[in-house]
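# Okay, predicted coordinates and the sequence, questions at the end:
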Amino acid sequence: MLTFDDTLPAIREAFAEHAKALEGLEWLLVNRDLYGRVRLIAPEVSQENEIIRGTLESLAAELAQRLGPHAYPANAAILYESDRELACQGAATVPFEGFANVWLADRLATEGDWARIAPETQGPPRIVFFSIKGGVGRSTALAATAWWLAQAGKRVLVLDLDLESPGLSSSLLPTDRQPRYGITDWLVEDLVDNADTVFESLIATSGLSHDGEIYVVPAHGVDPGEYVAKLGRVWMPKVQPDGKREPWSARLQQLLQAVEARIQPDVVLIDSRAGIDEVASACLTDLGANLVLLFALEGSQTWTGYRILFEHWRRAGVAELVRERLQLVAAVTPDTEARLNYLETLRENGYDLFASSLYDEIRPGEAVGDRWHFDAADDTAPHAPWEVRWHQSLAGLRSLHGRLTEIDANAVRTIFGPMIDGIVQTTGLENKNV
C-alpha cells in the first residue's frame, strides 16, 4: 500500500504515460487536500474536447487505482474551473516537476508556504537569525549584533518574531522601557481594522547604545495580557470586503514596512522562531530577507533538519531564489583545543548539505551563467561557517540585558567577531568604527 511520500512519484509515472495528450491542456492542477487526497483540476474548456476529457477520465481512474486511499474515487476525481489562479487560491502552489503546464496545489492546515520566496527588500537590509533547533544562542547573538552596530552609530531595528517563545526584548530592554503593546497585539487588532490603536505604543528604544540607537518591537507588551488567546489568532488570514484572503505573513509585512517608515533604520534584525513552522516560514521566505543566518551545532539533528528544508526548496524549484541569501553560522563553538577540528567538521558537513541540495551539478569552484558550485574550502561560500564562540560570561545568565550594560567591544569581538564582520561586509554596512 502506498503512503503519502509515494504519491507524487506515482502521479508522475501515470502522467508520463499520457504526456502527449496532456500537452493539449492550457494548465492542470494536481490538487492535494488537507487529508493528502489527490484530485485533478482542469480548465472548463477541456470538458468540450472529447480527447482531452477522455485522457483526464483515464488518468482519474488510474490514479484511484495507484494511490488507493490517497486519491478520490474516479467519479469524483476531476474538477473543472474557469481560472487557474482562482483554483489555486489558498494553496501552496509549485510547478509539477517534469511537466511545464502542470502545478501541484497543496492545501495545508497552516498558512506557511516555504516555497513562496519573496524578492529581496530594496530598503534597509533585513537579516533573519534562524536555527533548526532552539538553545543555540541565536537570540543572544542577535542582541550582541544589535549592540555592536549601534555602538558604531547605526540605527538598528529589532523584531522579536519568536512569538511562541518570546524573550529577546528583555535582553535589550529593562522592564521600565518595555512598550505597552507588541507584535501579537498589532496582528490581532488588524483583524478588526483596529491596528492604528496600538501602533504608536509598539516600539521602544534601548538604553544600551551610545552613538547609534536600538529600536525594539517585542512579541508582546509590558503586560502580555491574554497572550495565549491572542497567539491563537495571529496566524489568521484577514478576509477583505471583496472576499480575498490576506495571509497573516502579508499582514506582518505591512507592519514591518510601517515600522521601517517610522524609524528609518539602517538595518533590521529579525529573531525567527526555531524549526520548520509558520513563523519561521514568514521570516525566511515572506519578508524579503537579504541575509538568513542558519545557526548550527555539529550533530545529526542539525543536518537532518536543514536537509529537510533544503530538499523542499530543491523539489519546489525555488532553490536558486533563496540560496544566495543563506549563511551558515557555527553556534557556540567550544572554547577548547578541539575548536579548529570542530569548525572543520562543521564546514565539511555544511558543504555536503549545500552541495547535495542547493549547489548546481557542475564542478566545485565553477560558475557558469546563473549556475554555481562553491569549492569545499572556499571561505566565502555560504557553507563556510561564521564563528560564534562559547564564552563563560554569557553562559547561564539570568539577565542578558545586565551583561550587555557591562560588556565592552573587545569581549563582543572575541565572541561574535567573525559573524559580525560577515554581516557588515555582506550587507554593505561598512563603517570605520565597525
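It's in.

# thought residue 230 was touching residue 189?
No. Contact criterion CB atoms under 8 Å: residue 230 and residue 189 do not qualify, at 9.5 Å. Placement of C-beta: from N, CA and C, glycine included.

# where exactly do the helices run in the stretch 1-150 of the chain?
With helices called from DSSP state H, counting those that start in this stretch, the stretch 1-150 of the chain shows them at 7-16, 19-22, 50-67, 84-88, 138-151.

# so what does the longest one touch, helix or strand wise?
Helix 50-67 is packed against helix 7-16, helix 19-22, strand 38-43, strand 78-81, with contacts defined by 3 or more CB pairs under 8 Å, 6 or more residues apart in numbering; DSSP states H and E.

# List the contacts of that helix.
Outside helix 50-67, the residues within contact range by CB atoms under 8 Å, 6 or more residues apart in numbering are 2, 7, 10-11, 13-15, 17-18, 21-22, 24-25, 38-40, 42, 46-47, 71-74, 77-78.

# So which elements touch the helix or strand where residue 410 lies?
Per DSSP states H and E: residue 410 is located in helix 409-427. With contacts taken as 3+ CB pairs under 8 Å, 6+ apart, helix 409-427 sits against helix 138-151, strand 291-296, strand 326-333, strand 386-389.

# Let me have those in JSON lines, extended by distance to residue 359.
Formatted as JSON lines, the helices and strands packed on helix 409-427 follow (distance: least, CB to CB, whole Å):
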{"stretch": "helix 138-151", "distance to residue 359": "25"}
{"stretch": "strand 291-296", "distance to residue 359": "15"}
{"stretch": "strand 326-333", "distance to residue 359": "11"}
{"stretch": "strand 386-389", "distance to residue 359": "19"}
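
# So which of the ones you listed is nearest residue 119?
Between residue 119 and the helices and strands packed on helix 409-427, the shortest separation by CB to CB is 14.2 Å, and it involves strand 291-296.

# quick check: angle from that closest one to helix 138-151?
140 degrees (axes from the mean of the first three to the mean of the last three CA atoms, to 10 degrees).

# Okay, helices next: where are they in the stretch 201-350 of the chain?
227-231, 248-263, 278-281, 300-316, 319-322, 339-357.

# Pick the most deeply packed of those helices.
Mean neighbour counts were compared across the helices of the stretch 201-350 of the chain using mean count of other CB atoms under 10 Å; the top stretch is helix 278-281, at a mean of 22.

# avg pLDDT for it?
On average, the pLDDT along helix 278-281 is 84.

# Check stretch 152-166 too.
Averaged across stretch 152-166, the pLDDT comes to 92.

# buried ones in that stretch?
By neighbour count on 16 or more other CB atoms under 10 Å, the buried set for stretch 152-166 is 152-163, 166.

# domain ranges for this protein?
By the assignment in automatic domain parsing, the chain contains the domains 4-106, 126-427.
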